[in-house]
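Asker: Output the structure for:
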Amino acid sequence: MGTICAALVIPCRLGSPIRIEDIDHDLVSRQVLVEGNVKAISYMDWLVYLNDEAAAIPLPLNLRAEVLIREAGVPLEAAVGGTAVFLGNGTNGWDADAPVHLLRLAERLFGADLAA
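Answerer: Numbers count the residues shown, from 1 in each chain. Model (predicted):
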């Protein structure tokens with residue numbers, strides 16, 4: 001398994017573009033992107049990292065990430081705040097590249113050009 005994976009990063013600010021970013025497999029990379037401690041929501045072949053204190057800080061709502069999570073099949077009970085980092089569920093506990101089907105769904109929902 002390599003030390004880099006391609007993450008789908010969805011900033012909370014609507015004016016900031018959705019992007020694919022190569023990140024290291026370490027926890028610090030995720031903490032930097034979500035601006036704090038991380039929590040994960042895992043579903044089938046993907047997971048999303050979020051700031052675990054988004055509601056307490058409070059961080060701005062991330063409407064695009066919330067829509068993507070719901071449209072991908074996860075019924076959320078709470079709002080999503082802060083930057084969201086989507087990755088694939090790899091093997092042996094490692095994260096993998098964000099799945100292509102998730103990138104394509106984000107493209108359809110938000111008009112972004114992500115998947116090659």
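Asker: Could you use CA atoms for every contact and neighbour count after this?
Answerer: Will do.
Asker: State the phi and psi torsions of the nearest residue to Tyr49 once chain neighbours are set aside.
Answerer: Among residues not flanking Tyr49 along the chain, Ala40 sits closest, at 4.5 Å (Cα to Cα, 6 or more residues apart in numbering). Dihedral pair for Ala40: phi -130, psi 140, per degrees, to the nearest 10.
Asker: Ala40 contacts Trp46, doesn't it?
Answerer: No. With contact defined as Cα atoms under 8 Å, Ala40 does not count as touching Trp46 (10.2 Å).
Asker: So between those two, which is more surrounded?
Answerer: Trp46 (20 against 14; other Cα atoms under 10 Å).
Asker: what's near enough to touch the more buried one?
Answerer: By Cα atoms under 8 Å, 6 or more residues apart in numbering, Trp46 lies in contact with 86-89, 98-99.
Asker: who wins for most neighbours among the residues you listed?
Answerer: Most neighbours among the contacts of Trp46, by other Cα under 10 Å: Phe86, with 29 neighbours.
Asker: Angles on the backbone of it, please.
Answerer: As for Phe86, its main-chain torsions (degrees, to the nearest 10) stand at phi -100, psi 130.
Asker: ditto for Leu105
Answerer: Torsion angles, degrees, to the nearest 10, at Leu105: phi -60, psi -40.
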